[in-house]
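*Asks:* Sequence and predicted structure are below.
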Amino acid sequence: MDSQSSGGKENSLAYWAVDVNPEQDTDDAQSLQSSVALDSARDIDLALAQERHTEITHINQSMRKINEINQDLAFLVHEQQDDIDEMEEHIIETHDRLDNGVVQLRSASKWASSGGRIKMIVLLMFLVVLLILVLYFCFR
């Protein structure tokens, strides 16, 4: 029995000896740590990718809003440009009319000052002719 018991002990020890190999335990631990590290790195990469996707979606929405605002502004500018052009035409027309009015006022002023003299001369000539006619018919 001793041989069996000692043989049985050897087999058990051999089994445990293979199991307790320190190099293999270190390799298994390193492999497990590497696996956990890879899983952790993958989780971090996945979280970063999801965060980037969310940020890109947010930026895309912001860009769409900015584009919409740009289009609205362009429409308003285009719509108001006609009104501005019309105002500019009215201003130019008013300026031309004012210049023409100033020229006419100067001309009228000259005519008025010279016209007053002419009227006086014509009136005096008329009175002289009237006086001559009255004297001619009275003393005849």
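*Replies:* Great, that's in hand.
*Asks:* Identify the residue nearest the geometric centre of this structure.
*Replies:* N70 (4.9 Å; C-alpha atoms, centre = their mean).
*Asks:* And the pLDDT at N21?
*Replies:* At N21, the model reports a pLDDT of 52.
*Asks:* next helix or strand past the lowest-mean-pLDDT helix or strand in the chain?
*Replies:* None of the helices or strands of the chain scores lower by mean pLDDT, DSSP states H and E than helix 2-19, at a mean of 47. For helix 2-19, the succeeding helix or strand toward the C-terminus, using DSSP states H and E, is helix 22-138.
*Asks:* Show me how far that following helix is from its chain's centre.
*Replies:* Computed by C-alpha atoms, centre = their mean, to the nearest Å, the separation of helix 22-138 from the middle of its chain amounts to 14 Å.
*Asks:* Could you point out which residue ranges in the protein have low pLDDT?
*Replies:* Applying pLDDT under 70 to the chain flags the ranges 1-29, 32, 115, 140.
*Asks:* One more pass at 90, please.
*Replies:* 1-47, 77-79, 82-83, 107-123, 135-140 (pLDDT under 90).
*Asks:* distance of K65 from H53?
*Replies:* 19 Å (C-beta to C-beta, to the nearest Å). Yep, even glycine has a C-beta here, placed from its N, CA and C like the rest.
*Asks:* just Q30 next, same as before
*Replies:* Per C-beta to C-beta, Q30 is found 34 Å from H53.
*Asks:* A112 now?
*Replies:* Per C-beta to C-beta, A112 is found 86 Å from H53.
*Asks:* what do you get for V129?
*Replies:* Distance of V129 to H53, computed by C-beta to C-beta: 110 Å.
*Asks:* Same check on V36?
*Replies:* 26 Å.
*Asks:* go on, S114?
*Replies:* Distance, S114 to H53, by C-beta to C-beta: 90 Å.
*Asks:* Then G116?
*Replies:* Noted for G116: a distance of 92 Å to H53, by C-beta to C-beta.
*Asks:* How about E88?
*Replies:* Remark: distance between E88 and H53 (C-beta to C-beta) = 51 Å.
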